[in-house]
Every structure is written in structure tokens, then in C-alpha cells.
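Engineer: Make a model of this:
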Amino acid sequence: MTERVNEVAGADDALAELATLREQIAHHEALYRKGTPEVPDSVFDELFDRYQELADSLGVPTEERIDRSPGVDHTDGFETVAHRVPMLSLEKLTPNRRDADGQPVPYEEQLSAWFERRLKDLELPPGSPLSLLVEPKIDGISVSLLYESGRLTRAVTRGDGQKGDVITAQVLEAGAAPAQLHGVSAGALEVRGELYWPRDAFDAYNRRLLAAGDKTIANPRNGCAGMMKRKDPAGLGEVGIRAFLYQIPWSEGVSLPGTQSGVLGWLAETGADVYTDEVHLASDAASAYAYCAGYHERRHQLPFDIDGMVIKVDELAHYPALGSTGHHPHWGIAYKFPPERRPTRLRAISVQVGKSGKLTPVAELEPVALAGTTVSRASLHNFPELARKDVRVGDRVFVEKAGDIIPQVVGVDHAARPAGTVPFTPPEVCPTCGSAVVSEEIFIYCPNPACPDQVLERLKHFAGRQAMDVEGLGEALLVQVIEKAGVRRPDDIFRLTVPQLAGLERMGEKSAANVVAALEGAKGRGLARILVGLAIRHVGVSMAEELTKHWRDADALLAFAARYVEGDPEAVAFVAPDKSSERGAVEGLGRKSADSIFAELNAASVRAVFEGLAAAGVSLAALETRTRDVEGVAGKTFVLTGTLPTLKRAEAGARIKEAGGKVVGSVSAKTDYVVAGEEAGSKLEKAQKLGVAVLDEAALLAMLGE
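Structural biologist: All right, here's what the predicted structure looks like:
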């Protein structure tokens, strides 16, 4: 490889760009696996295409390149099993493909080239007809379903394509796929499909979250992924997640049709949900492309989200001859809908400082209408991405919304660039406090924890809903207490007094008293909420709960952090064993994240906050869960349905469990009680048919002795 690299002009620059692209791709893949992507698929595709282009020019061997394998979605606590037939991604038609002259290759030409390659694979003359089935591409999460004698015995996520997580209980509880295939009483087969969340059901769920004062879910796809990774599947039956089934990769002892279109019809006859209304059988690439291109507007009339179309060779007997690569099969290709894109002018580039000190470039735009809103600011992601696109102030830029939500600058019209523009230079000092920045991977940070922007963002996060949930302590008030009351650290807010707050703008005695009362109530939120609020890198809600579960109070946790940072072998082995095959005691905690978390917990600044919180009377221990067996509740099985008058269902469920009862998601003859509120629906009807006792909230509280 070295000899080839040295032959390439500008090899040093190319190698540096290749390394940066590798880091960016790894960063975005990690966010995608978490369900929190910060760039649209089109941007990620562009990064990967550029990486491959550079790797080709530098002669990087295939085995040394990053592998764009399907997104790994393993979650600790779930059993992992191997797929009998790998679940590969499909090759995509992409707007980022360029010809030898650097010009974009239209989708139609890309599809035609793919079609001709398939004819060649099958040893058919150029221009021969070849039946193609075009299906809508559901925007959900892939699932593999094993049916034995027609009964669903296992459901597995795609995972890394070779193995995935078992989510059988979640799929069955949700009622997303048939538990039994009609008319199938023998043999075994694997059926693949897409779990998705219909828009009406998703919107209804978000309305319930809003009514309860909880954070809403960003989009149906991420929400569906999160729901299917609930370790306790209880309640999933009321969420409304469904599955469209579309493929049978293998079967034994089951007679199946010989075409993909026939398989869809066969699945529909078994009672499976199959989206056959909008499929199209084409005889060539031109017909398939025309159907895809005509579907752009129709997609918005569907009751669920789709992000493109899938084009498959219809004749299943051709599949072995067509073969596959390590990443994708050759029998199909995905047509991704290009997101709505609008041109506008870049007025300025500002730099934001986040709660962790990360500096992020932001585009200040001439306002433009985009996907139903007016956009005047958009993300530029990070400074390497800004440099790669060569975005300059004064440029005509193109803006999209990632996931139809977050505005992003995705391209530049370099041909229309005004004279005199200059590349943007990343700041060497923090734009807020003037501290010299530090670099870490592809990001730059302000290292000064006293930076005013960091102080404000950290306090907003600490007082926010997922952390200490201090009602009334929003950004406008925090700005004032920082400037006029000397608040700098999270513990400072607990020393605020009514006279201090009442003297601020738009605050009176009553408002001030309400905030102080909210602060007093927040003192009992417990250690897990504090850990979330401190914005320690790698510590989200789940990790905070895991740390709290193991160490129970701040003193024990901080003592362990000191031992870990000092290199105590016992402490290190406890959370990060040397053998990669062994898991540490804390679920989800690996060596790299442990190094970062415990170093930060051991920092003098964080220890000072804990000391301040203790001095202010804030509880630094885990919340104790009440456990008491209540006669008539202990050992009984409950199902909760509908909207209760005063309790959230989660709260009612917690009280039942504290009293020794069990809460499940579906009604059966073994159910002891159904607790029904307004709009109870099918579960109430089933309970009545089965003769299961039905309680209202008042009766439940009476049973609980409350």
C-alpha cells in the first residue's frame, strides 16, 4: 500500500482527509445506532462515498478499509443469536455518485447500470426483459421472525447483519406480527419484515407524553426502535407498533411461490400485514424508475412513513446466480427519496458553545421556507465537515431537514460563489470566554468550565426535565441568576432565596416563592437524576441508573472513582475486564467510557459540586423503592388500560409492583384484574368477554390501602 500511496499527488493531504472521514463516519454510525442521528442519510452517504473515492485513489486494500456493515444495535441485557441467512443492507441509488468528470450521475442512469449488471450476472443479452417488483420502503426497523408449525417462536433484530438481539416478547406483546400464520401447520420458515409506528398511533402517544409533562419522541422510526428494546414489554400492546412482512429467505417443509410478488400474496393469505396495494411489477429499469419517481408526492398520503422504494428481481430462482457482496445482495436496490432541498444565502457562520464545551459551527441564513417552516439557522455539524464542503460566508447553499426535523446545510453552489470569499477558520480560542481551545477526535472544545456559555448550558441541563426537573427555572431566569446572583455551579441554585429572586426582572414574591419551593422539592430527586444533570460525558439516563444501582450513594461512587483513576487493579477489573469476551459489573460500561466517566467524577470541580449539594441539603443517595406485600395485590396479575383520572399508568404500575403485584401488557384468562380508565378500548372488551375483574382507579387505590 505504501508504494501506491507515495505515487499519488498530494498523498499527505489525502491521507489526512481519509483519517478525518474515518472518524466522522464512526461518529455518525455510533449516533445512528443510538437512534439519535445528527445528519440525514444523504450526508452520511456523501461522507462514505468520498471515503471510498479517496481509498480507491490511494490504493487502500479492501481489508484495511472501514466496513459499512448494517448498523449494530445490540443492547445489553438482550440475548444475541446468529442469523441463518445474513441480513444485509441493500445497495442504494444515491445523489452523491459522480462520473469520471465529477458530474452527478442521475438516478435513472444508476438504476439502468444496475439492471444491465444483473442481466450480465444472469448471462442474458443486453436489453433483455427482466421482471422487477417495486415496493415502498417502510421507514422502520428490520426484524427476522421464525415460525415453526405456523407459530411465532422467535423474533430477532437485524443487529450487525450476522447476529441480532432477541425481541420475541416485545413483538408478541405489541401484537406487531401474527403469533400464528393461518393455514400453516407444519414446517419452519423465516419471515423478514419492518417494524414501524403508524403516524396516528405515534402522534397519539406523543400527545399523552405532552399531557403528562414528559419529553416527546422525535420521530416514529427512533421511537419504534426504543419501544422494541424495552426490557419490560408490559404496555407495548397499547402503543400501536405494527410490522409489514416482505421476504422469506429460507423455509423447510413449506410450499412457497417462486416469485417475490407471489410470496407477498402468500403472506397476505396467512393473515400477515403485507403492503400489496402499492407494489408495481415492471419489465425493465425505465418502468421501475418511472414508478419510483412518480411516488414522491403520494408518500405523504400514506398513514406511515416511507423513505424510498425497493426494487427487487421478481423471479426467486435467479437469486443464487445473482449472489451478493459482504454488504449487500445483488437481487435488489433501494431508491431513496431525496429530502426537500432549498437554496438560500449564507449570511454568517456563528460558533455555539455547548454544556460540555464543544464548539459547533452554525449557519446564519437568509430565511427560507423548508418543509413547512421558515428556516434562518442550520447546523454545519462540525469543523472538518465545514472544511470538507468548503462552505463560506456569502455562498449560495442548499438546506435540508434531517429526518424532516433539523435544518442542515448539505451543499454549496460553488459556481455561484461571490468574489472575495475566504474559507472559514475554526476558532483557536473560545468565542465566549477567550480560552485556548483543545482538540479531541474531530471536535474542538473550550476547556474552561467557568465559560459563561458552558455555565448557562450546564445549568439549563441540570434544571431540565430529565435531571432535577425544577419548574420555573428556565433559561431567562438562569441568565439573570448567573449575572446578578453569582450562580456558577449546579449546587449554587439551591442557595437561591425568595428575596434574591423577587428582585429580578419579571419576578415577584409569589413567583420567587414558587421557584424556591420547586428547588426544595428537587432536593429529593436522588443520585441518578443528579448524575444525569451533571452532564458527564457518556452518562445518560440509563448509565446514571446503572451507576446508582451499583454504588447507592455519592460517597461510595466517588471513592470508587478515585480508586479507578489511581489504577487500582481490582477497581479496573470490576468495570472493565482485560478480556474483551468478559463483561464488567456495570451494564453498558466499557473501558473507554469508564476511563472518561471516572476521571470526570474524580475531578476536583465535580467533587466540589457534590460537596456543595450535600451542604445545601440535596439527597445524594439512591431513591429507596418501597416494597410491601399488600393482601389482595401480592401475587396477582394486573393489566392497565386507558387514561386514569389522576395517576399516570407508569405510576399506577409502580404502585402495584411495590405492593407485590405483577403488571403485564395483555389480557388473558390468567389475568386477575384489569384497571381501566377512559378510552380503555379492546383490552377492556377482552376482559369483559373473559370474565376478568375490572377496576377503576378508586378501586385500585382502595386495594392498595391508599
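
Engineer: doesn't S287 make contact with E108?
Structural biologist: No - distance between E108 and S287: 11.3 Å, which falls outside the contact criterion (C-beta atoms under 8 Å). Glycine gets a C-beta too; all of them are placed from N, C-alpha and C.

Engineer: Look at A562 and give its secondary structure.
Structural biologist: Recorded secondary structure, A562: helix (DSSP: H, G, I helix; E, B strand; the rest coil).

Engineer: Apart from its chain neighbours, what residue comes closest to it?
Structural biologist: Excluding its sequence neighbours, the residue lying closest to A562 (C-beta to C-beta, 6 or more residues apart in numbering) is N602, at 5.4 Å.

Engineer: Can you get me a residue count around the one you found?
Structural biologist: 18 (other C-beta atoms under 10 Å).

Engineer: Contacts only, for it.
Structural biologist: L558, A561, A562, Y564, V565 (C-beta atoms under 8 Å, 6 or more residues apart in numbering).

Engineer: Please work out how many residues are found near the last one.
Structural biologist: What it means is V565. For V565, using other C-beta under 10 Å, the count is 17.

Engineer: show me the contacts for the residue nearest to E252 when sequence neighbours are not counted.
Structural biologist: Spatial nearest neighbour of E252, chain neighbours left out: A188 (5.0 Å); criterion: C-beta to C-beta, 6+ apart. A188 makes contact with L146, Y147, E148, S149, S251, E252, G253, V254, according to C-beta under 8 Å, 6+ apart.

Engineer: The first one should be in a strand, yeah?
Structural biologist: Going back to what we said before, that points to L146. Yes - per three-state DSSP, L146 lies within a strand segment.

Engineer: Helix, strand or coil: sort out the residue nearest to it when sequence neighbours are not counted for me.
Structural biologist: Spatially, and ignoring its direct neighbours in sequence, L146 is nearest to R154 (4.2 Å; C-beta to C-beta, 6+ apart). Secondary structure state of R154, per three-state DSSP, is strand.

Engineer: check contacts around R154.
Structural biologist: V81, L145, L146, V166, T168.

Engineer: And the pLDDT at it?
Structural biologist: Looking at R154, its pLDDT is 96.

Engineer: same thing with A204?
Structural biologist: 89.

Engineer: for the helix or strand hosting it, packing partners?
Structural biologist: In this structure, A204 sits in helix 199-211 according to DSSP states H and E. Counting by 3 or more C-beta pairs under 8 Å, 6 or more residues apart in numbering; DSSP states H and E, the packing neighbours recorded for helix 199-211 are helix 220-228.

Engineer: what helices or strands is the helix it packs on leaning on?
Structural biologist: Helices and strands touching helix 220-228, by 3+ C-beta pairs under 8 Å, 6+ apart, are strand 141-148, helix 168-174, strand 188-196, helix 199-211.

Engineer: Going by neighbour count, which residues of the longest one are buried?
Structural biologist: Buried residues in helix 199-211, defined by neighbour count with 16 or more other C-beta atoms under 10 Å: A201, F202, Y205, N206.

Engineer: neighbours around the closest residue to the second one other than its chain neighbours, how many?
Structural biologist: Closest residue to F202 in three dimensions, ignoring its sequence neighbours and counting by C-beta to C-beta, 6+ apart: P220, at 4.4 Å. Residues within reach of P220, counting by other C-beta under 10 Å, total 22.

Engineer: For P220, report the pLDDT, please.
Structural biologist: Reading off the model, P220 has pLDDT 86.

Engineer: Just the mean pLDDT for stretch 413-429, thanks.
Structural biologist: Rounded mean pLDDT across stretch 413-429 is 92.

Engineer: For that stretch, list the C-alpha coordinates in CSV.
Structural biologist: What follows is stretch 413-429 as a C-alpha-only set of coordinates in CSV (Å, rounded to 0.1, in the frame of the first residue of the first chain):
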residue,chain,number,x,y,z
ASP,A,413,-23.2,26.1,-5.2
HIS,A,414,-19.5,26.8,-5.8
ALA,A,415,-20.3,28.0,-9.4
ALA,A,416,-22.3,30.9,-7.9
ARG,A,417,-19.7,31.9,-5.3
PRO,A,418,-19.2,35.7,-5.0
ALA,A,419,-15.7,37.1,-5.5
GLY,A,420,-13.6,37.7,-2.3
THR,A,421,-15.0,34.9,-0.1
VAL,A,422,-12.5,33.1,2.1
PRO,A,423,-12.5,29.7,3.9
PHE,A,424,-13.8,29.7,7.4
THR,A,425,-11.1,29.3,10.0
PRO,A,426,-12.0,27.3,13.1
PRO,A,427,-11.5,29.4,16.3
GLU,A,428,-8.3,29.0,18.3
VAL,A,429,-10.0,30.5,21.3
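
Engineer: got the contact list for that stretch?
Structural biologist: So stretch 413-429 is contacted by 343, 349, 351, 359, 361, 383, 386-387, 390-398, 435-437, 444 (C-beta under 8 Å, 6+ apart).

Engineer: Next, the contact list for G612, please.
Structural biologist: Counting by C-beta under 8 Å, 6+ apart, G612 makes contact with R489, P490, D491, D492.

Engineer: which phi and psi does the second one have?
Structural biologist: This points to P490. Note on P490: backbone dihedrals following degrees, to the nearest 10 are phi -50, psi -40.

Engineer: thought it was touching L534?
Structural biologist: Yes - counting by C-beta under 8 Å, P490 touches L534, with 6.8 Å between them.

Engineer: Just want to know which of those two has more residues nearby.
Structural biologist: Taking other C-beta under 10 Å, P490 and L534 do not tie; P490 has more neighbours (25 against 22).
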